[in-house]
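Trainee: requesting a structural model of the entry that follows:
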Amino acid sequence: MKPIWFFVGLILLVMGLIITITGIYQLIYPPVHKTVLYEIHPDIWWGTIMILFGGLMYLKTRNKTI
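Mentor: Model (predicted):
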């Protein structure tokens, strides 16, 4: 059985990829109604952080079993 941190890392990795791809899409095609902090593109930053943290957790626990 895999540890819980394997699945947490996998979920963070997938969600980070979706958020980052959405942010890049909105950077290329800006929305009509912009949010308050649209200029700093928080979706790209947080998506990248989620990818890095999720990837680190995934790689550290992928070969471990309980």
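
Trainee: pLDDT at the nearest residue to Ile21 once chain neighbours are set aside, what is it?
Mentor: Nearest non-adjacent residue to Ile21, counting by CB to CB, 6 or more residues apart in numbering: Gly47, 7.8 Å away. Just so you know, the C-beta spots here come from the backbone N, C-alpha and C atoms, and that holds for glycine as well. Reported pLDDT at Gly47 in the predicted model: 97.

Trainee: low pLDDT regions in the chain?
Mentor: The model of the chain has no residue with pLDDT under 70.

Trainee: quick one: stretch 51-66 to chain centroid distance?
Mentor: 14 Å (CA atoms, centre = their mean, to the nearest Å).

Trainee: which outside residues touch that stretch?
Mentor: Outside stretch 51-66, the residues that touch it by CB atoms under 8 Å, 6 or more residues apart in numbering are 1-3, 5-6, 8-17, 20.

Trainee: at 10 Å instead, please
Mentor: Taking contacts as CB atoms under 10 Å, 6 or more residues apart in numbering, the residues outside stretch 51-66 that touch it are 1-17, 19-20.

Trainee: cool, stretch 25-36 as well?
Mentor: Applying CB under 10 Å, 6+ apart, the set of residues contacting stretch 25-36 is 38, 41-44.

Trainee: report the buried members of the contacts of stretch 51-66.
Mentor: Listed as buried from the contacts of stretch 51-66 are 6, 9-10, 12-13, 16-17, 19-20; burial here means 16 or more other CB atoms under 10 Å.
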